[in-house]
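Asks: quick one: sequence plus predicted model below, questions after.
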Amino acid sequence: MSHHIVETAALQYTYPDGTAGLKGVSLRISHGESVALVGENGAGKSTLLLHLNGYLTPTAGQVRIGDYALTPDTLTAVRRSVGMVFQNPDDQLFMPTVFDDVAFGPLNLGLSGQEVERRVAQVLETVGAGHLSKRPPYKLSQGEKRSVAIATVLAMSPDILVMDEPTSNLDPLSRRRLIELLKTFKHTKIIATHDLDMALDLCERTIVLHQGRITADGLTEKLFQDEALLRGSCLEKPLRMQQCPVCAPRKKHPVRE
Amino acid sequence: MNKLSAQFLDIGYSDTLAGGNSFLHRLDPRAKLIATLAFIVTVVSFDKYAVSGLIPFCVFPITLIALGGLPAGYLLKKVLLVSPFAILVAVFNPLIDRQVLVRFGSLAISGGWVSFISIFLRFVLTVTAALVLIALTGFNQVCLAMAKFGMPRPFVVQLLFFFRYLFVLSEEAQRMLRARQLRSFDRRAMQWGTFVSLAGHLLVRTLDRAERIYLAMCSRGFDGRIRILRRMKIGLPETVFVLGWVLVFVFMRFYNVPSHLGALITGRLS
Amino acid sequence: MHMADALISPAVGATMWAATAGLIAYSAHKVQEVLNDRIVPLMGVLGAFIFAAQMINFSIPATGSSGHLGGGMILSILLGPYAAFLVMASVLTVQALFFADGGLLALGCNIFNLGFFPCFIAYPLIFRRITGTAPAPSRLGVAAILAAIVSLQLGAFGVVLETVFSGISELPFRTFVLLMQPIHLAIGIVEGLVTAAVVAFVWRARPEIVNAAGAFQPMVKVNIKKVLFGLLLVAVITGGALSWFASSHPDGLEWAMLKTSGKEELESATRVHAALSSIQAQTAFLPDYAFKQDAMRPGMAETVPVEDQPADKPAWPAVAPGTSVSGLVGGAVTLALALFIGIALKRPKVEV
């Protein structure tokens, strides 16, 4: 189980109403890599992610996860190894309590009651949400919801973590905590995001999508220096790489005396 | 605040109450459900002119409220504030049934008024019992108790989902309402067209959301069956609770406590 | 028009619960059998949608009054009758538990009135007959309005029957019908208009989700005959058994008590007597109401104003003034005692 490769070949997807979502995406992500998927709204990030666990079936092209090509027969095995964290935790937390929600996956795997309880306690501890176990999801804060949503996926012990906008709607401190948490995971990570600072923190590699096509694929730090590329994809440099307005010398706007 | 927000705060509050930690909160939900149902059936089994016989039954909600540490004022207000169809219908009783049933000296009270009071008492008792049940147990636990009693699973699962998304959808609806209110100034009532568009949008979002939830379920191995791990145990406390209350109900049903008590007191006085 | 615990007799409550429970079991079975997994979350969120939408009032054009969405029809259109019935049942359950709309015993009646008629009568027999599988907008409107009117009329009539059979309210059948049906005609028209408008809106905006939800697809056959026959069977068995116990004697439990204690036969005798005499009085003075005697238990017959009855006949139940004074005193004392118990047992409030 050491080759958790994610591979797509000339992946194309057209929505039922005729909108082209993906226009030939080929990529290969190998074990343990952490990859950011960036691009403007509607670039095809979410569409691509939805192919990775077989929710959408490609119009043309192929998806391979590990040793399997994604087909209806391998769907269950693929979904077990690809853990998907959705953008809106309210869509992911559908059970009456946090415990029930985290236990949902393991129970579907057919684990025994004791094993399920052990696993739930363990993953909730990992994400720092052990004290929330009995709470109903609607009483959690956004940050807590996000942590629990990640726990629900970790409880399935996936090999690959796929996340859609994990830092959206979080306050700065919760965002930082989440980033630190994700750093500790050894899984292969694929993160679709607009938060380029987080990408800089977490992902050594970045893939830029633009109008359903890959326009760049390389080291995160390098790509984020390329202003023309970023502008072309409706992005901008991470704040931390922009010139600091306080300490950097300003040439165009001399300080008024 | 609009009606919607108020109602949902209310549900949230009831559910918070259910998070309490009294002996009653910890009882198996099934015991509380049975006792409450026994209570309601006994109360409605009284004759339509029963008034004094119903009064002792308030001991059930009062005891539970007290032992469970529930806010009595809040529950009472809730009971009295609901606009009951029952009272609307009961109002006709005094108008129609004017046969004198009871005389206190020169004061004659018609059967209609007696049955009106009886309906009101029934209403307060049954409604309070239901509210107390939910405040001591929590909605999800009541659902799981029903499942244990053989309620079909799709129905129970759907109840749980429904309750979960009540909060999410109400927030969504509230945001839309607020946006409308802020731009409609003194036109308070919503126009027909606005409502259709608002409800339509809400429905579209709801359908989309259902799709995303289904997707989230599939990613975690959903195979058509919802599994919930919950240990329930009927032990000695539960047995004592149910049997004790049922005995009390039966006693109060067949032995009119107030009339005997009253006879005792008035007998002493005269 | 929620039925309330306070208005129903145990016999009526139990009969309607039996019917409703049967329908829930049958629908649940059908939902599992016929439909795909996708419907599980869909039912839940649609229930929440109906619940939220019901709280939003809008003004009805040209009337000055306001209305809100009912839901049974829209759910049937989006989910088909079986799933819609379950969703409607859960919406009403939450209303009963949290907002004291109705009550637990009356829940059976409410689910039946507001769920059965739209889902199993109006939808398959009216709505689908008119729309077919590819409805034009005008047809959709007509179908929704007619279906909503019929289901609300039937539901309102159900409320009337349940109330009258219970015999707690004094409202005579005819008055009650004249009160309920016209109001619900208006409500039905509004409900139909809203249903048609909202469905048309969603259908225009996102045809694929309405289709995915199953609307307008060739219908899963609703076996009306089977459903009705099952219901009839349940009603006859439960109603029969219970009414033997409850209705033939004005009050089953009390009757049982009399048998065991044996000390109040006198009152029981006067009761029958009074009932008979009031029936007599009714047939004489209010012929309009005559038909209801055979439909109802004798206890309902006291709807006659005092002056219509022969003055020397003892009024039922003959309560001596002394008894009622002691009853009043005793009631007050009991209430005080109960409150005292409450205060004595009081725990500190839950910290929220």
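Replies: Sure, I can see it. Numbering: from 1, shown residues only, chains lettered A, B, ... in the order given.
Asks: now do the buried residues in stretch A:175-182.
Replies: For stretch A:175-182, the neighbour count (16 or more other Cβ atoms under 10 Å in any protein chain shown) marks A:175, A:177-179, A:181-182 as buried. C-betas here are computed from N, CA, C, even on glycine.
Asks: give me the subset of those residues lying in strands.
Replies: Counting by DSSP state E, none of the members of those fall within strands.
Asks: could you pull up phi and psi at residue B:100?
Replies: Backbone torsions for residue B:100, taken as degrees, to the nearest 10, come to phi -70, psi 130.
Asks: I figured it hits residue B:109, correct?
Replies: Yes - counting by Cβ atoms under 8 Å, residue B:100 touches residue B:109, with 7.0 Å between them.
Asks: these two - which one has more neighbours?
Replies: Neighbours of residue B:100 and residue B:109, each counted by other Cβ atoms under 10 Å in any protein chain shown, are more numerous for residue B:109; the result is 16 against 12.
Asks: part of a helix, is the more buried one?
Replies: No - with DSSP: H, G, I helix; E, B strand; the rest coil as the criterion, residue B:109 is strand rather than part of a helix.
Asks: could you confirm residue A:207 falls within a strand?
Replies: Yes - the assignment for residue A:207 (three-state DSSP) places it in a strand.
Asks: the residue in the stretch 51-200 of chain B that chain C sits nearest to: what's it in contact with?
Replies: Nearest to chain C in the stretch 51-200 of chain B, going by Cβ to the nearest Cβ, is residue B:161, at a distance of 2.4 Å. Neighbour list for residue B:161: A:94, C:40-41, C:43-45, C:47 [criterion: Cβ atoms under 8 Å, 6 or more residues apart in numbering or on different chains].
Asks: per-residue confidence averaged over the helix or strand hosting it?
Replies: Here residue B:161 sits within helix B:153-184, counting by DSSP states H and E. Averaging pLDDT along helix B:153-184 gives 86.
Asks: with stretch B:247-261 instead?
Replies: On average, stretch B:247-261 scores 87.
Asks: swap in stretch A:31-49?
Replies: pLDDT averaged over stretch A:31-49 gives 91.
Asks: quick one: distance of it to the chain centre.
Replies: 8 Å (Cα atoms, centre = their mean, to the nearest Å).
Asks: buried residues in that stretch?
Replies: Neighbour-count burial for stretch A:31-49 [16+ other Cβ under 10 Å]: A:31, A:33-40, A:43-49.
Asks: same thing with stretch B:89-97?
Replies: Buried-residue list, stretch B:89-97, by 16+ other Cβ under 10 Å: B:89-90, B:92-94, B:96-97.
Asks: contact partners of that stretch?
Replies: So stretch B:89-97 is contacted by B:110-113, B:115-116, B:119-120, C:6-7, C:163, C:169-172, C:175, C:302-303, C:305 (Cβ under 8 Å, 6+ apart).
Asks: then that stretch to PDB, C-alphas only?
Replies: Presented in PDB, the C-alpha positions along stretch B:89-97 are these (Å, rounded to 0.1, in the frame of the first residue of the first chain):
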ATOM      1  CA  VAL B  89     -63.200  25.100  19.000                       C
ATOM      2  CA  ALA B  90     -63.800  24.900  22.700                       C
ATOM      3  CA  VAL B  91     -65.100  28.500  22.800                       C
ATOM      4  CA  PHE B  92     -68.300  27.200  21.200                       C
ATOM      5  CA  ASN B  93     -69.100  24.900  24.000                       C
ATOM      6  CA  PRO B  94     -70.300  27.700  26.400                       C
ATOM      7  CA  LEU B  95     -72.400  29.100  23.600                       C
ATOM      8  CA  ILE B  96     -74.100  25.900  22.700                       C
ATOM      9  CA  ASP B  97     -74.300  23.900  25.900                       C
END
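Asks: how far off centre is that stretch?
Replies: Put simply, stretch B:89-97 sits 25 Å off its chain's centre (Cα atoms, centre = their mean).
Asks: quick one: mean pLDDT over that stretch.
Replies: 77.
Asks: redo the contacts of residue B:161 as a markdown table? Include pLDDT.
Replies: As requested, the contacts of residue B:161 are exported to a markdown table (pLDDT from 0 to 100):
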| residue | pLDDT |
| --- | --- |
| A:94 | 89 |
| C:40 | 82 |
| C:41 | 85 |
| C:43 | 88 |
| C:44 | 88 |
| C:45 | 89 |
| C:47 | 89 |
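Asks: out of those, which are inside strands?
Replies: Using DSSP E, none of the contacts of residue B:161 sit in strands.
Asks: remind me what the biggest helix by length in chain C packs against, helices and strands.
Replies: Longest helix in chain C, counting residues (DSSP state H): helix C:173-205. Judged by 3 or more Cβ pairs under 8 Å, 6 or more residues apart in numbering or on different chains; DSSP states H and E, helix C:173-205 is in contact with helix B:192-219, strand C:66-67, helix C:72-79, helix C:137-166, helix C:207-213, helix C:292-295.
Asks: buried residues, the first one. List them.
Replies: I take that to be helix B:192-219. With the criterion 16+ other Cβ under 10 Å, helix B:192-219 contains buried residues B:192, B:194-207, B:209-219.
Asks: spell out the secondary structure type for residue C:127.
Replies: helix.
Asks: residues contacting the closest residue to it other than its chain neighbours?
Replies: Excluding the flanking residues, the one nearest residue C:127 by Cβ to Cβ, 6 or more residues apart in numbering or on different chains is residue C:147, at 4.1 Å. Residue C:147 is in contact with C:73, C:118, C:122-123, C:126-127, C:130, C:192, counting by Cβ under 8 Å, 6+ apart.
Asks: where's residue C:147 relative to residue B:38, distance?
Replies: Between residue C:147 and residue B:38 the distance is 39 Å, computed by Cβ to Cβ, to the nearest Å.
Asks: tell me the two of the contacts of residue C:147 that are most distant?
Replies: Across the contacts of residue C:147, no pair lies farther apart than C:118 and C:130, at 14.6 Å, counting by Cβ to Cβ.
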